[in-house]
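In: next come a sequence and a model predicted from it.
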Amino acid sequence: MSRASARLSAAATRLPASAPTDAHTVAAHADKGHRLARVPMTALSRRRSVWGCAEGFRMVKDSARKKAARAYAQETGQSYTTAARHTAHRQADGGVSAYQVHIGLVQALRQAGWPVEYEDFPEHVEYRSYPGPARVTVGRADQVTSFGGDDDPDPDDPALLDLSRAPRVEMAAPLVATGYEVWAEIGGDRPVGDVIARLDGLLAEGRATAVARAVNDAGCAVCGDAYPSAHLLAAAGDDRLRVCPAWAFDGDIFVTGEDATGYVAYQIDRLPDSDLSTPAGWAGPAALLACAAPGGLGERLHQQWRDAGTVYLPSQSWSDPCLIWIWLPPGDRRPAPLARFGPGACLAAVVAALDKALPDLRQRVRDEQAENWREAAGIYDDADDQDPPDGFVEQVWPAAVAYAVSMTTQAAERPRHRPPLQHLPGSFDSLQDHLRLLDVALDIGDVESTLGVGIDIITQALDP
Ligand SMILES: [Zn+2]
């Protein structure tokens, strides 16, 4: 079971007090997407008997399938399991294979910069994937009248389904449909570029609507900027001090308790599951913690969260910050180096796009750090120059990118609010406490300088 479906499963079994109850998440979509929205995943291994009538035929077909798999295994020298998978998904009678559409879509989405988790087994006659904050299914659920049975038919089973009819691709966001969501479907026989364009459009539209609907009914405990209360997080471990992303590591809030970092990670992780309007800027603190932490942060958080009594699983992105979802500035506010992406992209793709378009960015940061060092040391005479130490921390560079890009997005999405980057610099004073809790061995001064100078230079470079 993938992280995303495990998280859905957890949502079905336990609804923590922090589950969103915002007024803006009014359920208005009972008529569509309700099947995609089915949260309980207990049917994964459940067996019932709706398909009983087809059983005899199915057994014949299964044995034909096994024969084909055995023959293929012998022919190619592959294991029976591998051969069975291959023969099961061969396109039958010229029809379109749901499995092939599913896998092809996952690969194309990843090439387009999306972070994607996916299942490689069908459930309820569909394959599932989770690109960014969206959920996508590919299958032939439209050809059955109910779910369950003694087995789910494979979406490419020619004995039970009409494979001449194209599989259906359904897409929706956010991951858990508890309120406002967007939903669409498109034929699986359409070119993959069309499917991705549909997902891009759906998510961009959903994001814009959700952000416009969000009600700013609370204020950041430090800077006072207005946000929806659910979007302010207890970054320092104290629920009475809920702050905006720009001030997550501010020195005015004292980190309390050994679980503060695990707790803020939990809040950041849960935030977008059921809400399409969450502040883009939270990608910054998320990337900073994930990039700075020694390897295996996800495992560590898992243990910590379990000890704290939650059954939620940490996102894979805590151990692999490349996968962090970054909302990108919409429409004409989009900087040119990020033009090729949809409404968002994974951090690795964003970093790579900047490297390609602006290959000297890191060096510019290094140069300015050196300049700052000389000024601090009172060295103004070039002839007298000493070599400044290299304060650039490669490990947190992606975090500087995440801050600069996601907060540029936030400024574009909330034009009537103070742009978060305008008051970000100098607000990393409690970062040291978090890094200590994570056993980070990096030099805190170098980390802060790479972030501060880096965010500044990236932001200027992206200003269209
Ligand atoms: Zn604030």
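Out: Happy to help now that I have it. Numbers count the residues shown, from 1 in each chain.
In: mind giving me the packing neighbours of the helix or strand harbouring Ala212?
Out: In this assignment (DSSP states H and E), Ala212 forms part of helix 192-213. Secondary structure elements in contact with helix 192-213, counted by 3 or more C-beta pairs under 8 Å, 6 or more residues apart in numbering; DSSP states H and E, are helix 98-111, strand 168-173, strand 182-187, helix 397-413. For every residue, glycine as well, the C-beta is placed using N, CA and C.
In: and Pro359, which of these is closest to it?
Out: helix 397-413 (13.3 Å; C-beta to C-beta).
In: just checking, next helix/strand downstream of the closest one?
Out: Following helix 397-413 in sequence, per DSSP H and E, is helix 431-437.
In: from Ser449, how far out is the closest residue to Thr459 other than its chain neighbours?
Out: What sits nearest to Thr459 in space, not counting adjacent residues and going by C-beta to C-beta, 6 or more residues apart in numbering, is Ala404, at 4.6 Å. From Ala404 across to Ser449, the span is 15 Å (C-beta to C-beta, to the nearest Å).
In: which one of the two is surrounded by more residues?
Out: Neighbours around Ala404 and Ser449, counted as other C-beta atoms under 10 Å, are more numerous at Ala404. The numbers are 26 against 20.
In: contacting residues around that one?
Out: Residues near Ala404 by C-beta atoms under 8 Å, 6 or more residues apart in numbering: Leu421, Gly454, Ile455, Ile458, Thr459, Leu462.
In: list the buried residues for the helix holding Ala212?
Out: Going by neighbour count (16 or more other C-beta atoms under 10 Å), the buried part of helix 192-213 is 192, 195-196, 198-200, 202-204, 206-208, 210-211, 213.
In: so whatever helix or strand comes next after it, near the ion or not?
Out: For helix 192-213, the following helix or strand on the C-terminal side (DSSP H and E) is strand 218-219. No. Using C-beta under 5 Å from the ion, strand 218-219 stays clear of the ion, coming no nearer than 8.1 Å.
In: what helices or strands is strand 218-219 leaning on?
Out: Where contact means 3+ C-beta pairs under 8 Å, 6+ apart, strand 218-219 is packed against strand 226-227.
In: now tell me what touches the helix or strand following the strand it packs on from outside.
Out: Note on strand 226-227: by DSSP H and E, the next helix or strand toward the C-terminus is helix 260-270. When contacts are defined by C-beta under 8 Å, 6+ apart, helix 260-270 is touched by residues 18, 233-237, 248, 255, 282, 285-286, 289, 297, 300-301, 304-305, 308, 310, 312, 314-315, 318, 433-434, 437-438.
In: got any ranges where the stretch 201-350 of the chain has weak pLDDT?
Out: Within the stretch 201-350 of the chain, no range satisfies pLDDT under 70.
In: and with 80 instead?
Out: For the stretch 201-350 of the chain, applying pLDDT under 80 flags the ranges 251-254.
In: quick check: Pro419 vs Val351, distance?
Out: Distance from Pro419 to Val351, counting by C-beta to C-beta: 22 Å.
In: about what we covered before: can you select the buried ones from the contacts of helix 260-270 in PyMOL?
Out: Per 16+ other C-beta under 10 Å, the buried members of the contacts of helix 260-270 correspond to this PyMOL selection:
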select buried, resi 233+234+235+236+237+248+255+282+285+286+289+297+300+301+304+305+312+314+315+318+433+434+437+438
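In: so which of the contacts of helix 260-270 reach the ion?
Out: When C-beta under 5 Å from the ion is taken as the criterion, no member of the contacts of helix 260-270 contacts the ion.
In: okay, helices next: where are they in the stretch 301-450 of the chain?
Out: Applying DSSP state H, counting those that start in this stretch to the stretch 301-450 of the chain gives helices spanning 347-357, 361-377, 397-413, 431-437, 444-462.
In: right, so those helices: which one is the most enclosed?
Out: The highest average neighbour count among those, using mean count of other C-beta atoms under 10 Å, belongs to helix 397-413 at a mean of 26.
In: does the ion sit close to it?
Out: No. Figure legend: helix 397-413 not in contact with the ion (C-beta under 5 Å from the ion); closest approach 11.5 Å.
In: C-alpha coordinates for that helix, PDB please?
Out: Extracted in PDB, the C-alpha atoms of helix 397-413 (Å, rounded to 0.1, in the frame of the first residue of the first chain):
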ATOM      1  CA  TRP A 397      20.100  25.000  -1.400                       C
ATOM      2  CA  PRO A 398      16.800  23.300  -2.500                       C
ATOM      3  CA  ALA A 399      15.200  24.700   0.700                       C
ATOM      4  CA  ALA A 400      16.300  28.200  -0.400                       C
ATOM      5  CA  VAL A 401      14.600  27.500  -3.800                       C
ATOM      6  CA  ALA A 402      11.500  26.200  -2.100                       C
ATOM      7  CA  TYR A 403      11.200  29.300   0.100                       C
ATOM      8  CA  ALA A 404      11.800  31.800  -2.800                       C
ATOM      9  CA  VAL A 405       9.500  30.100  -5.300                       C
ATOM     10  CA  SER A 406       6.600  29.100  -3.000                       C
ATOM     11  CA  MET A 407       6.500  32.500  -1.300                       C
ATOM     12  CA  THR A 408       6.600  34.200  -4.600                       C
ATOM     13  CA  THR A 409       3.600  32.100  -5.400                       C
ATOM     14  CA  GLN A 410       1.900  33.000  -2.200                       C
ATOM     15  CA  ALA A 411       2.400  36.700  -2.900                       C
ATOM     16  CA  ALA A 412       0.900  36.300  -6.400                       C
ATOM     17  CA  GLU A 413      -2.100  34.300  -5.000                       C
END
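In: begin at 12 from here
Out: Fine by me, first position is 12 from now on; the one you just mentioned is helix 408-424.
In: what's the spacing between it and its chain's center?
Out: Offset of helix 408-424 from its chain centre (C-alpha atoms, centre = their mean, to the nearest Å): 15 Å.
In: ok, now stretch 439-459?
Out: 25 Å.
In: start and end of it, how far apart?
Out: Length of stretch 439-459, first residue to last, C-alpha to C-alpha, to the nearest Å: 7 Å.
In: averaged pLDDT, that stretch. What do you get?
Out: Averaging pLDDT along stretch 439-459 gives 92.
In: tally of neighbours for the residue nearest to Glu196 when sequence neighbours are not counted?
Out: Leaving aside its sequence neighbours, Glu196 sits nearest to Glu181 (C-beta to C-beta, 6+ apart; 4.7 Å). Applying other C-beta under 10 Å, we find 22 residues neighbouring Glu181.
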